[in-house]
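1. Quick one, fold the following:
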Amino acid sequence: MMVFPLFWFLFSTISSTLPTQANTFLPCNESEKHALLRFKRAFYDSGNHLSSWSTHEDCCEWDGVLCHEITGRVIELNLDNPCFSDYEILCHEFALGGKVSPALLQLEFLNHLDLRWNEFGGAPIPSFLGSIRNLTYLDLSFASFGGLIPPQLGNLSNLHYLILGGSHFYTPTLYVENLHWISHLSSLEHLVMSQVDLHKEVHWVELTSMLSSLSMLDLYDCKLDNKSPSLKYVNFTSLTFLSITSNHFIHEIPNWLFNLNTSLLHLNLGGNQLIGQIPECLRQLKCLESLLLEYNSFDGPIPSSLGNLSSLAYLGLSGNILNGTLPSSLWLLPNLVDLSIRNNSLVGRVSEVHLKKLSKLKWLDMSSTSVLFKVKPNWVPPFQLEYLYMSSCHLGPNFPSWLKTQTSLLYLDISNSGIIGVAPTWLWKWASRINGLIDLSNSQISRNLSGVWLNNTNCIKHGQPFILGTNFPILMPKFEWNKSIGVIG
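-> Next up, the predicted model:
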């Protein structure tokens, strides 16, 4: 399940809707220019990102500075680390460091401050940021801030976006004593507090639900536990995206979630310790486009009512203890792009009849189940997969001939799936066109290379490794499968 990307996709979408630097009619305000220079002097800038910040230049032309096109007053500072790598350590040498200077307070029209992916060495978030009253956007994520989040941020009543937290190498991590200050952010639409320690706040649900404009709430790995599991009503009237993954919930899905039936589009509860059966009343969330319940402790069958979620595109149920057969209603979801059910005690048979309506399917993961995948030899799927994981399930004994119709694959794992016999001759030419990784290991497949010339250019495409199996030449990948989030990393 490619959960990745949902988080960072949303951030990139937010960024793309923001105004870009533009020429102004007036030069920048002189006092604001000097304030920015004092702000710069408090930084370590090993990457020379602020080299354009010179006394001899108009500050509205400086990198990362946006001025109002009529008044020339500074309205935005976009000082995020341009390196922006998934591997945070690779970007440290390009990051700004040092201190955030209170000279910012002289930018009285500043409404946008972005310092993400910089390196502040575990320093606390400055409390004076709560005095920049015109801020509508504040992003301090992945910037190595630590310690108590200042409750003065609650003074930012015009704030629409508040993005804090993210992994770093320093302690203490960010934490709160309580979230009472959050309720004063009456204009807030997006709240992200990934890896912020919230365990002291018992009433986090009630407090965040007071934000009537809130559309996105992401509380990944916040040490939340099973407080308020019996709460039945919340006031999330605008919420479309809710992610509370990798916390410490040891109870059934809370009842208050089912009140979000008119607005919620994306629900991610993965990586918790939720128990019990997946409730039938999830069908009440009729607008859902993604439902991710992976790596919990749900048991029992997959509820047939999930087939009523006609807008569902992403369904992740991997890593639970679900049993029984796959409900027939699951195959009636016309918008399904991603189906992940790996690591469950599921049984039954899947045939071409079940899959005929899934024309949008890109990701299918049935690994480590007891599901029998049995289709006719001449079957042509209605979809073009990009990721197929069928390791340790019942796919054989014949090599699946329908795979040669799948020309968009980036990752194929059919290892240990009961395939035996001679690999088909078309496999080699087909595999040479695949731009990703193929794993046929732990299968009883013999090779017939008569008339086939297989050289290194066929084994590696665009730098990606290609595995042929234990009795073929093998190039082992420098990747690991991260089961907790479902991406290669």
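2. Leu242 is in what secondary structure piece?
-> strand 241-243 (DSSP states H and E).
3. What helices and strands are in contact with the helix or strand that comes right after that strand?
-> Downstream of strand 241-243, the next assigned helix or strand under DSSP H and E is strand 266-268. Using 3 or more C-beta pairs under 8 Å, 6 or more residues apart in numbering; DSSP states H and E, the elements in contact with strand 266-268 are strand 241-243, strand 290-292. Quick note: C-beta positions are derived from backbone N, CA and C, even for glycine.
4. What's the mean pLDDT across the strand holding Leu242?
-> Taken as a whole, strand 241-243 carries a mean pLDDT of 97.
5. Identify the residues contacting it?
-> Residues from elsewhere that reach strand 241-243, judged by C-beta atoms under 8 Å, 6 or more residues apart in numbering: 6-7, 10, 215-220, 236, 257, 260, 264-268.
6. Check which residues of it are buried.
-> Residues 241-243 are the ones in strand 241-243 that count as buried (16 or more other C-beta atoms under 10 Å).
7. export the helices and strands packed on strand 266-268 to CSV and tack on distance to Ser186?
-> Output for the helices and strands packed on strand 266-268, formatted as CSV (distance: least, C-beta to C-beta, whole Å):
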stretch, distance to Ser186
strand 241-243, 19
strand 290-292, 28
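8. For Tyr411, which of those strands is the nearest?
-> The minimum distance between Tyr411 and these falls on strand 290-292, with 19.1 Å, by C-beta to C-beta.
9. nearest to Asp338, of the helices and strands packed on strand 266-268?
-> strand 290-292 (8.1 Å).
10. That closest one pairs with which strands?
-> Strand pairing for strand 290-292, determined by DSSP bridges: strand 266-268 (parallel), strand 314-316 (parallel).
11. Would you tell me what the next helix or strand after the first one is?
-> It refers to strand 266-268. strand 275-277.
12. buried sites along that next one?
-> The neighbour-count check on strand 275-277 (16+ other C-beta under 10 Å) flags Ile275 as buried.
13. let's number from 595 now, not from 1
-> All right, first residue 595 from here; so that's strand 869-871.
14. And the contacts of it?
-> Applying C-beta under 8 Å, 6+ apart, the contact partners of strand 869-871 are 844-847, 890-895, 897.
15. what's the closest of the buried residues of strand 835-837 to Arg667?
-> Of the buried residues of strand 835-837, the one sitting nearest to Arg667 (C-beta to C-beta) turns out to be Phe835, at 33.2 Å.
16. Quickly list what the closest one is bridged to.
-> Met810, His860.
17. gap between it and Leu801?
-> For Phe835, the distance to Leu801 equals 18 Å [C-beta to C-beta, to the nearest Å].
18. can you check Ser904 too?
-> 34 Å.
19. So between these two, which is more surrounded?
-> Leu801 (16 against 12; other C-beta atoms under 10 Å).
20. The more buried one is in what secondary structure piece?
-> Taking DSSP H and E as the definition, Leu801 sits inside helix 798-802.
21. Now that helix - C-alpha only, PDB.
-> Extracted in PDB, the C-alpha atoms of helix 798-802 (Å, rounded to 0.1, in the frame of the first residue of the first chain):
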ATOM      1  CA  TRP A 798      -7.500  15.800  21.900                       C
ATOM      2  CA  VAL A 799     -10.600  14.700  20.000                       C
ATOM      3  CA  GLU A 800     -13.000  17.200  21.600                       C
ATOM      4  CA  LEU A 801     -10.500  20.100  21.200                       C
ATOM      5  CA  THR A 802      -9.600  19.500  17.600                       C
END
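22. if we can go back for a sec, could you redo the strands paired with strand 884-886 as CSV and give each row distance to Gly724?
-> Shown next, in CSV, are the strands paired with strand 884-886 (distance: least, C-beta to C-beta, whole Å):
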stretch, distance to Gly724
strand 860-862, 30
strand 908-910, 37
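23. now those as a markdown table including mean pLDDT?
-> As requested, these are exported to a markdown table (pLDDT from 0 to 100):
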| stretch | mean pLDDT |
| --- | --- |
| strand 860-862 | 98 |
| strand 908-910 | 98 |
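24. which stretch among these comes nearest Ile1013?
-> For the strands paired with strand 884-886, the distance to Ile1013 is smallest for strand 908-910, at 26.2 Å, taking C-beta to C-beta.
25. hang on, the earlier thing: for the record, mean pLDDT for the helix holding Leu801?
-> Throughout helix 798-802, pLDDT has a mean value of 93.
26. Packing partners of that helix?
-> Helices and strands touching helix 798-802, by 3+ C-beta pairs under 8 Å, 6+ apart: there are none.
27. contacting residues around that helix?
-> 773-774, 776-777, 785, 792, 795, 808, 811, 813, 818, 821-822, 825, 828, 830, 848, 850.
28. So which of those are in strands?
-> In this view, the contacts of helix 798-802 that belong to strands under DSSP state E are 785, 811.
29. And the buried ones among the contacts of helix 798-802, selectable in PyMOL?
-> Restricted to buried positions by 16+ other C-beta under 10 Å, the PyMOL selection for the contacts of helix 798-802 reads:
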select buried, resi 773+776+785+792+795+808+811+813+818+821+822+825+828+830+848+850
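30. Inside helices: which ones of the contacts of helix 798-802?
-> Counting by DSSP state H, no part of the contacts of helix 798-802 is found in helices.
31. For Thr963, which residues are in contact?
-> Neighbouring residues of Thr963 by C-beta under 8 Å, 6+ apart: 935-941, 987.
32. Name the member of these with the most neighbours.
-> In terms of neighbours by other C-beta under 10 Å, the contacts of Thr963 top out with Ile935 at 26 neighbours.
33. Apart from its chain neighbours, what residue comes closest to it?
-> Spatially, and ignoring its direct neighbours in sequence, Ile935 is nearest to Leu911 (5.1 Å; C-beta to C-beta, 6 or more residues apart in numbering).
34. need the helices for the protein, in chain order.
-> Counting by DSSP H, the chain has helices at residues 598-610, 624-635, 798-802, 946-949, 1020-1026, 1050-1053.
35. burial count for Asn972?
-> Residues near Asn972, counting by other C-beta under 10 Å, number 8.
36. And it, its phi and psi?
-> Main-chain dihedrals, Asn972, degrees, to the nearest 10: phi -100, psi 10.
37. Could you find the closest non-adjacent residue to it?
-> Excluding its sequence neighbours, the residue lying closest to Asn972 (C-beta to C-beta, 6+ apart) is Ser995, at 7.6 Å.
38. I'd like the distance between the nearest residue in space to Ile743 that is not next to it in sequence and Lys970.
-> Nearest residue to Ile743, sequence neighbours excluded (C-beta to C-beta, 6+ apart): Val770, at 5.2 Å. Computed with C-beta to C-beta, the distance linking Val770 and Lys970 is 58 Å.
39. Please state the offset of stretch 662-680 from the chain centre?
-> A distance of 24 Å separates the centroid of the chain from that of stretch 662-680, by C-alpha atoms, centre = their mean, to the nearest Å.
40. Repeat that for stretch 731-751.
-> Put simply, stretch 731-751 sits 21 Å off its chain's centre (C-alpha atoms, centre = their mean).
41. Show the average pLDDT along it.
-> In this model, stretch 731-751 carries a mean pLDDT of 96.
42. what's the nearest residue to Ala689 once chain neighbours are set aside sitting at in phi/psi?
-> Excluding the flanking residues, the one nearest Ala689 by C-beta to C-beta, 6+ apart is Glu713, at 3.9 Å. Dihedral pair for Glu713: phi -140, psi 90, per degrees, to the nearest 10.
43. wait, Glu713 sits on Phe739?
-> No - using C-beta atoms under 8 Å, Glu713 is not in contact with Phe739, being 10.0 Å away.
44. Check the gap between Asp893 and Asn855 for me.
-> Distance from Asp893 to Asn855, by C-beta to C-beta: 25 Å.
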